[in-house]
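Trainee: Just need the structure, nothing else, for what follows:
(one chain, ligands or ions: 2)
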Amino acid sequence: MRVLILGSGGREHALAWKLAQSPHATRVLAAPGSDGMAREAQCFPAVAAGDADAVLALARREQVDLVVVGPEDPLVAGIADRLRDAGLAVFGPSRAAAQLEGSKSFAKEFMQRHAIPTAAFAVFDTLEAARAYVRKLGGPCVVKADGLAAGKGVAVCDGPADAERALGEIMGERRFGAAGARVVVEERLVGQEVSYYAISDGHSIVPLAGAQDHKRALDGDRGENTGGMGAYSPALVFTPAIEKRVLEEIVYPAIRGMDAEGAPFRGVLFVGLMIEANGTPKVVEFNVRFGDPETQVLMLRLEGDLLPLLDAAARGRLEGVAAPEWHGAAVCVALASGGYPRAYATGKVIAGLAEAERDPDVLVFHAGTRRDDAGRFVSAGGRVLGVTARGATVAEAQRRAYAACAQISFEAMQLRRDIAARGVLA
Ligand code: AMP
Ligand code: GLY
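Mentor: Ligands and ions are numbered 1, 2, ... in the order given. Model prediction:
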């Protein structure tokens, strides 16, 4: 089977690494892919992940059997519909189903319609009304741009002053462009966050596993929200009893609800959860694709073959497919450019990649790198590398990941030192 992965980040690198090991994969291609992915996939740098015409032409020319869509933007723009209409098997939801991520107000109203547990909320189309609301609330809240903002359009606020500042940036200055024309203001939930994944073909479900991301830029969950500074799996807080509740109270109602509303969800549903102190899981957000960097740890833990699962979901044949088995534990530490998630410099030469990967239980996934004219890897993005290690326990994986990080350096490299701290028994 010939598989084409769309995207170029650490998530896509991890998917390519896993799919390339499949006995069913005769070729793995990536568009655009990256220099760092070239080891696992044949890359087509001229084909942007969101350019449906170019992707379709490539898939036809290379006789691709399955397209796996990595990032959310092409899904929200409808690339899966386009490719499916042309007769291709696609792992990734339709434009209509991708609204679960593409519009936070859609997702919140959908959850309300289907009694899926989530934070209380209100939706606003004007800055004045939103401002008046947060002033009236008077306490903590969360302000979110309605549309896509690469995980950065959310401000967790202690009170009205913070919230008004965030509203000003999102709606007034339009820091995230048109994504900020509408905002959602939410009740601020307290607890531990878990990312949970399940694959669906629109009707049947195969549960995957949970992971914990670290969204804030700095140690101790301080600083701004980022795309994710590291992840680990399994998460201590995510017990089998909580997983069962998440499936029954959230995943099944969501998949059934989308089907009932005429937008069956075909792909991976990423449920961003808050586990409250009493063990109650509530939805913080839905995403319609694999998480980054959660995928890096899930791919290291996944036993057996990923390809038949994705293919069965893409073809509507998931019924009766067994849930996969998971190996011990894995930890991923993101190495980012100094300044991220705000402005940062690129083009910094990266040293120590080969040394870091000398440990066979370590994989360095490339998130934002390129080769320079001399053939050296240099930084080319905010998140640069995802140093990922597996082990029998989270503690072992964590030790390996940080030992590998110590081998790698580039100017102004930024990382958190406490990834997986909550996953390690004291
Ligand atoms: P989102 O893009 O909706 O996942 O939000 C990004 C991050 O903001 C989440 O991972 C949480 O850390 C935080 N967040 C979002 N919504 C809430 C909420 N209602 N209560 C507390 N934290 C939240
Ligand atoms: N790690 C969070 C995300 O992929 O959105």
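
Trainee: Within range of ligand 1, give me the residues from this protein.
Mentor: Within the chain, the positions adjacent to ligand 1 are 119, 142, 144, 151, 154, 156, 186-189, 193, 215, 225, 272, 284-285 by CB under 6 Å from any ligand atom. C-betas here are computed from N, CA, C, even on glycine.

Trainee: Tell me the backbone dihedrals of the closest residue to ligand 2 within the stretch 251-400 of the chain, please.
Mentor: Closest approach between the stretch 251-400 of the chain and ligand 2, counting by CB to the nearest ligand atom: Gly291, at 3.6 Å. Here is the backbone geometry of Gly291 (degrees, to the nearest 10): phi -80, psi 160.

Trainee: contacting residues around it?
Mentor: Arg11, Ser195, Tyr197, Ala211, Asp213, Gly228, Ala231, Phe270 (CB atoms under 8 Å, 6 or more residues apart in numbering).

Trainee: Relative to Thr346, how far out is it?
Mentor: With distances taken as CB to CB, to the nearest Å, Gly291 is found 24 Å from Thr346.

Trainee: for the stretch 101-250 of the chain, what spans make up the helices?
Mentor: Using DSSP state H, counting those that start in this stretch, the helices of the stretch 101-250 of the chain run over 104-113, 127-137, 160-167, 240-246.

Trainee: what about stretch 223-235, average pLDDT?
Mentor: Mean pLDDT, stretch 223-235: 93.

Trainee: cool, stretch 15-35 as well?
Mentor: With pLDDT averaged residue by residue, stretch 15-35 scores 98.

Trainee: For it, measure first residue to last.
Mentor: Distance across stretch 15-35, first residue to last, is 15 Å (CA to CA, to the nearest Å).

Trainee: And stretch 355-363, by the same measure?
Mentor: For stretch 355-363, the end-to-end distance is 11 Å (CA to CA).

Trainee: and what of stretch 143-154?
Mentor: Stretch 143-154 stretches 6 Å from its first residue to its last (CA to CA).

Trainee: so where is the chain shaky, pLDDT-wise?
Mentor: Where the chain drops to pLDDT under 70, the residues are 151, 426.

Trainee: Get me the contact residues on it for ligand 2.
Mentor: Gly151, Asp213, Gly228, Asn287, Gly291, Asp292, Glu294.

Trainee: Run a quick neighbour tally on the last one.
Mentor: Applying the criterion other CB atoms under 10 Å, we find 30 residues in the vicinity of Glu294.

Trainee: which non-adjacent residue is nearest it?
Mentor: Leaving out its chain neighbours, the residue that sits closest to Glu294 by CB to CB, 6 or more residues apart in numbering is Ala211, at 4.1 Å.

Trainee: What separation is there between that neighbour and Arg370?
Mentor: Per CB to CB, Ala211 is found 28 Å from Arg370.

Trainee: of those two, who's got more company?
Mentor: Ranked by neighbour count (other CB under 10 Å), Ala211 and Arg370 place Ala211 first, with 28 against 18.

Trainee: How about the more buried one: which residues does it bridge to?
Mentor: As for beta bridges, Ala211 partners with Ser195 under DSSP bridges.

Trainee: Begin at 19 from now on, thanks
Mentor: Will do, 19 is the new start, and the previous item becomes Ala229.

Trainee: List the contacts of it.
Mentor: Each residue near Ala229 by CB under 8 Å, 6+ apart is listed here: Val212, Ser213, Tyr215, Ala249, Tyr250, Ser251, Pro252, Ala253, Gly309, Glu312, Val315, Leu316.

Trainee: Restricted to strands, list those residues.
Mentor: Mapping these onto strands (DSSP state E) picks out Val212, Ser213, Tyr215, Ala249, Tyr250, Ser251.

Trainee: Which residues are in contact with the fifth one?
Mentor: Pointing back at Tyr250 there. By CB under 8 Å, 6+ apart, the contact list for Tyr250 reads 229-230, 315, 347-350, 412, 415-416, 437-438, 441.

Trainee: neighbour-wise, which of those residues leads?
Mentor: The residue in these with the most neighbours, by other CB under 10 Å, is Cys350 (36 neighbours).

Trainee: before we move on, which element is that one in?
Mentor: Assignment of secondary structure by DSSP states H and E places Cys350 within strand 347-355.

Trainee: swap in Ala272?
Mentor: Per DSSP H and E, Ala272 falls inside helix 270-278.

Trainee: Now do that helix: which elements does it pack against?
Mentor: helix 122-131, strand 284-293 (3 or more CB pairs under 8 Å, 6 or more residues apart in numbering; DSSP states H and E).

Trainee: Go through the ones you listed and name the closest to Ala56.
Mentor: Comparison of these against Ala56 by CB to CB identifies strand 284-293 as nearest, at 24.8 Å.

Trainee: Quick one: residues contacting the residue nearest to Ala107 when sequence neighbours are not counted.
Mentor: The shortest distance from Ala107 to any non-neighbouring residue, by CB to CB, 6+ apart, is to Ala332 (4.3 Å). By CB under 8 Å, 6+ apart, the contact set of Ala332 is Leu84, Val85, Ala107, Val108, Phe109, Asp219, Arg284.

Trainee: Redo these as CSV? Include neighbour count, secondary structure and distance to Phe62.
Mentor: Putting these into CSV (neighbours: other CB atoms under 10 Å; DSSP: H, G, I helix; E, B strand; the rest coil; distance: CB to CB, whole Å) gives the following:
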residue, neighbour count, secondary structure, distance to Phe62
Leu84, 22, strand, 16
Val85, 27, strand, 13
Ala107, 21, strand, 19
Val108, 27, strand, 17
Phe109, 29, strand, 18
Asp219, 22, strand, 27
Arg284, 26, strand, 24
